[in-house]
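A.B. asks: What follows is a predicted protein model with its sequence.
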Amino acid sequence: MKRIYWLVIGLVVLFSCQQEQKNRQEMETKSKKDIVIENIMSRRSVRSYRPEQIKEEEMKEVMTCAINAPSAMNRQSWELRVVQKPELLKAINDGFVAYAKDKSMGGNASKSQEPGYSVFHGAPTLIVVANDTKNAYSQVDCGLLGQNILLAAESMDIGTCVVGGVIPFLRTPEAKDVIAQLNLPEGYEPLYTISMGYKNEHPDAKPRDAAKYQVIK
């Protein structure tokens, strides 16, 4: 009986080792192009997150990728705030809910008065991207930076969703206490936000319109 037991254990270990070796070989044979394209094509907007916070080392790596985005004349005309403080996340959400009351809102914001609503989909991390209002290229710079965030997070199987609906609230006088906590330099204002957390869903891709690009020869 013991001999059978150890034989089964041995087979399980052998199979596991072979599978691990196979996975390693598959990764090694993938080209740089394959990895990049697969990452781009697999990324989705995630609107349901697990409650645990993103690991500090993963967050730091995502932010390092973010600030390595290209920018006009290398001005790096962005400011990033990674909000993980529960009280501040609640203040942003509560402020938006109050702002949205009695307004006709579209998309996810149309549910703002429902119990338990979260403008950032209950994500444990909210990234606020702010642009330099005196720099004509800053919004483009911030857009390039944002894509780095989305793709770096996807490579770690971390979910993201760009949330622009909260921005009108963040630009109102009622948001001054929230903005003060973000500690933005003078001349910078929130441009968009990104919800981030470990995925609690894996949505399918939505259709894309290939007619939107043309090749002019």
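C.D. replies: Good, I have the coordinates.
A.B. asks: C-alpha only now, for contacts and for neighbours.
C.D. replies: Will do.
A.B. asks: Let me see the ranges of the strands in this protein.
C.D. replies: 78-83, 125-132, 158-163, 188-198 (DSSP state E).
A.B. asks: Helices of the chain, residue ranges please.
C.D. replies: Assigned by DSSP state H, the helices in the chain fall at 2-29, 32-42, 56-67, 86-100, 138-155, 167-170, 176-182.
A.B. asks: Could you dump the strands of the chain into JSON lines and include mean neighbour count and distance to A98?
C.D. replies: Below are the strands of the chain laid out as JSON lines (neighbours: other CA atoms under 10 Å; distance: least, CA to CA, whole Å):
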{"stretch": "strand 78-83", "mean neighbour count": "19", "distance to A98": "20"}
{"stretch": "strand 125-132", "mean neighbour count": "23", "distance to A98": "19"}
{"stretch": "strand 158-163", "mean neighbour count": "23", "distance to A98": "17"}
{"stretch": "strand 188-198", "mean neighbour count": "24", "distance to A98": "19"}
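A.B. asks: For V97, which of those is the nearest?
C.D. replies: With CA to CA as the criterion, V97 lies closest to strand 158-163 of the strands of the chain, at 14.5 Å.
A.B. asks: Output the closest one in CSV with nothing but the alpha carbons.
C.D. replies: Extracted in CSV, the C-alpha atoms of strand 158-163 (Å, rounded to 0.1, in the frame of the first residue of the first chain):
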residue,chain,number,x,y,z
ILE,A,158,-4.1,43.8,-12.0
GLY,A,159,-7.4,45.3,-13.2
THR,A,160,-7.9,48.9,-14.2
CYS,A,161,-10.6,51.2,-15.4
VAL,A,162,-10.3,54.8,-16.6
VAL,A,163,-12.9,56.9,-14.7
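A.B. asks: Could you list the low-pLDDT ranges of the protein?
C.D. replies: 1-28 (pLDDT under 70).
A.B. asks: list the contacts for the spatially most central residue of it?
C.D. replies: Nearest to the mean C-alpha position of the chain, counting by CA atoms, centre = their mean, stands T160 at 2.8 Å. Contacts for T160 (CA atoms under 8 Å, 6 or more residues apart in numbering) come out as R44, S45, V46, R47, L150, A153, E154, I194, S195, M196, G197.
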